[in-house]
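Novice: Below are the sequence and a predicted model; questions follow.
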Amino acid sequence: MLKTRIITAVVLLAVLLPVLFFNYFPAFALVVTLFVGAAVWEGARLFGLAEGRARVAGFIGGALFVALMYAAKPGAVNALYGVAALLWIIRYAPTLGLGLPPLGGAANWSLSITFSFAVFAAFFALVGLYLHSPLYLLSVMVLVWIADIGAYFSGKAFGKRKLAPSISPGKSWEGAIGGAIAVLALASLSIVLAGGAAPWLQDTFAFRLQARFGWALALLVLLVIVIFSVIGDLFESQLKRRAGIKDSSNLLPGHGGVLDRVDALIPVLPMAALITSWL
């Protein structure tokens, strides 16, 4: 299993890093569109749509994403980010305590539509942050990765109190707190280095936050981003548990599906893009 995970990760990096840093937008847009189609397909399956219809939904999702990507106006895109962030606060986060509606009912299909909207918003934000700069996009994504890695090791070392035992028994409060501390510490270090030894770090989300809002508010925003990443992770875990499956798909051998890799990013990217528009 570990060998498969490593091979898949190496192949993904070999494809994604050149696409990210060669600054050729059509190639980047193509890869993102493929991920959108896969994510919509996986999401449709998680909400109970039959395999054939889920595939159709994936193709339609990818095509619609391309059409909207080239037609959307900047103001409309910012509104998209704002609505997506609001949905995570008032619609998805509460389900972690209240539970999801049964598969097949009207409430389930309503939730599936809004979640598809959230997925679209996340990938629109991915494109928007990339257009700012590949490094800037990576600086947002790294925050989520650091939170995840920090939570894993903190949970292994100190985890005692379960964060959401009915959704993801392996996650603990100590792990979540450790992940947040790791993000705040490493982001602070990057901000300090950007002002001296590593000026190239000035084109990063954390540095721009601190430069615009000061230390206190910047650290608060980073903490909120960590919280949103945990909510995104737990929400997708809840969808999988309801559907009775371990992974959203097997598209990425050893890693599961696209949603398994981007679940924590789905709520974070629109929020980061919206904040960036204020910077």
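Specialist: Now that the structure is in, tell me what you want to look at.

Novice: Report the buried residues of the worst-scoring helix or strand of the chain on mean pLDDT.
Specialist: Scoring the helices and strands of the chain by mean pLDDT, DSSP states H and E places helix 2-21 at the bottom, with a mean of 74. By 16 or more other Cβ atoms under 10 Å, the buried positions in helix 2-21 come out as 19-20. Bear in mind the C-beta positions are built from the backbone N, C-alpha and C, glycine included.

Novice: For the helix or strand that it is followed by, which outside residues touch it?
Specialist: Where DSSP states H and E defines the elements, the next helix or strand beyond helix 2-21 is helix 25-46. Helix 25-46 has contacts (Cβ atoms under 8 Å, 6 or more residues apart in numbering) with 15-16, 19-20, 51, 53-55, 57-62, 65-66, 69, 112, 115-116, 119-120, 123, 126-127, 130-131, 236, 239-240, 242-243, 245, 248-249, 251, 257-259, 262.

Novice: Likewise for stretch 166-181?
Specialist: For stretch 166-181, the external contacting residues (Cβ under 8 Å, 6+ apart) are 96, 146-164, 223, 226-227, 230, 233-234, 237-238, 241.

Novice: Centre of the chain to that stretch, how far?
Specialist: In terms of Cα atoms, centre = their mean, to the nearest Å, the centre of stretch 166-181 is set 17 Å apart from its chain centre.

Novice: Repeat that for stretch 271-279.
Specialist: Centroid separation for stretch 271-279 versus its chain: 15 Å, with Cα atoms, centre = their mean.

Novice: CA atoms only for it - export them in PDB, please.
Specialist: What follows is stretch 271-279 as a C-alpha-only set of coordinates in PDB (Å, rounded to 0.1, in the frame of the first residue of the first chain):
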ATOM      1  CA  MET A 271     -12.100  31.900   1.600                       C
ATOM      2  CA  ALA A 272      -8.500  32.600   0.700                       C
ATOM      3  CA  ALA A 273      -9.500  33.900  -2.700                       C
ATOM      4  CA  LEU A 274     -12.100  36.200  -1.200                       C
ATOM      5  CA  ILE A 275      -9.600  37.500   1.400                       C
ATOM      6  CA  THR A 276      -7.000  38.000  -1.400                       C
ATOM      7  CA  SER A 277      -9.400  40.300  -3.200                       C
ATOM      8  CA  TRP A 278      -9.400  42.500  -0.100                       C
ATOM      9  CA  LEU A 279      -5.600  42.500   0.100                       C
END
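
Novice: Not counting that stretch itself, show me its contacts.
Specialist: 78, 81-82, 85, 124-125, 128-129, 132, 136, 140, 205, 208-209, 212, 221, 224-225, 228.
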